[in-house]
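Visitor: Show me how the following folds:
(one chain, ligands or ions: 2)
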Amino acid sequence: MSHPNAPAPIRIAPSLLAADFAHLADEVASVEAAGADWLHLDVMDGHFVPNLTFGPFVVAALKKVATVPLDVHLMITDPWRYADAFLDAGADLLTFHVEVAKNGDVPALLGRVRARGARVGMSLQPDTPAEALAPYVRELDLVLVMSVFAGFGGQKFMPSVLPKVAALRRLGFRGEVSMDGGIGGTTIADAARAGTNVFVAGTAVFGAPDRHARIAELRQLASAAAAGAATA
Ligand code: DX5
Ligand code: ZN
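Guide: Ligands and ions are numbered 1, 2, ... in the order given. Sure, this is the predicted structure:
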C-alpha cells in the first residue's frame, strides 16, 4: 500500500486524437509497448467544442484491445446523458468539464460515476479559474487542467495555466492533476514543476519517430522536474 503522503505517480497518457484512426488497435498496441500508463480518449460532441471525434462504440472497441486504463475526456455539453454509455463501454476514468456544470446536478453525476466503480475527474478550460471547482474538490479523483482550448490537437502550450495547480491544492484538492494540450519535450518539465502528475500528450508521442524513446524522455523530464520541485 502506498503511503498517504507519497507523491502521486508520474503517468504518461498518450492522446489517441493524434493516432492513425484507420489502425487504432495497432496504435494502442504501439503506445502500450512504448510504455504508456493510460490511454487518453478525447470525446467531442461538435457542440461543447467545434469538433467531432467518437463515442461509446469506439471506446468499447478500444477496451477490447487495451491493457492499460482508459482515461476518457468528455468534451461534451451533456455528460449526464452519456456517462452511463461510456462507463458501459469500459471507461476507467471519466472526466467532464466544469463549464457545463450549469446543465445538471454535478454532485449526482460524480456520485453516479463512482458508484459504478470508475474514477471521476473534472476539467478546466484555460480561461476558467481553479476556484470554479471549489464546490467539488473533495469528490474528485482527478482534475484535468487544459493547457490549450479544448477541441484540437497540436496547439501551443499555454504556460498561463500553470498556477492553477497550486490554486487547486489551496482549495483542498488532494487527487491527481493532469495537464492536456501542447505537452512535449519543451513543456513537460514546467507542468511537472507546477505539480502535475498525469501528462496527456498527443502529437508529442504519436508524431515521434521512436515512441518508446519519446515516452521514456517525457517520463525522465517529468520525474527530474518533480524531484527538483519537491526539494526546492
Ligand atoms: C484537445 C485534447 C487533447 C489533445 C492534445 O482538445 O483534449 O487531449 O489530443 O493534443 P496535443 O498533445 O497534440 O496538444
Ligand atoms: Zn484531452
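
Visitor: Just name the shakiest helix or strand of the protein by mean pLDDT.
Guide: When the helices and strands of the chain are scored by mean pLDDT, DSSP states H and E, helix 211-231 comes last with a mean of 95.

Visitor: got a list of contacts for that helix?
Guide: The contact list for helix 211-231 (C-beta atoms under 8 Å, 6 or more residues apart in numbering) reads 7, 10, 12, 14, 30-31, 33-36, 183-185, 188-197, 199, 201, 204-205, 208. Where C-beta positions appear, they are placed from N, C-alpha and C, glycine not excepted.

Visitor: next one: stretch 147-163
Guide: 15, 17-18, 42, 44, 48-51, 75, 97, 123-126, 145-146, 179-184, 187, 190-191, 194, 202-203.

Visitor: which parts of it are buried?
Guide: By 16 or more other C-beta atoms under 10 Å, the buried positions in stretch 147-163 come out as 147-148, 150-151, 153, 155, 157-158, 161-162.

Visitor: likewise stretch 63-77?
Guide: 63, 66, 68-77.

Visitor: again with stretch 45-57
Guide: In stretch 45-57, counting by 16+ other C-beta under 10 Å, buried: 45, 48-49, 53-56.

Visitor: between those residues, which is nearest ligand 1?
Guide: residue 49 (6.6 Å; C-beta to the nearest ligand atom).

Visitor: State the distance from the closest one to ligand 2.
Guide: Remark: distance between residue 49 and ligand 2 (C-beta to the ion, to the nearest Å) = 10 Å.

Visitor: out of the buried residues of stretch 147-163, which touch ligand 1?
Guide: Among the buried residues of stretch 147-163, the ones lying near ligand 1 by C-beta under 6 Å from any ligand atom are 148, 150-151, 153, 155.

Visitor: ok, the closest residue to ligand 2 within the chain - contacts?
Guide: Closest contact between the chain and ligand 2, by C-beta to the ion, is at residue 73 (3.7 Å). Contact partners of residue 73, counting by C-beta under 8 Å, 6+ apart, are 40-43, 95, 123, 144, 180, 200.
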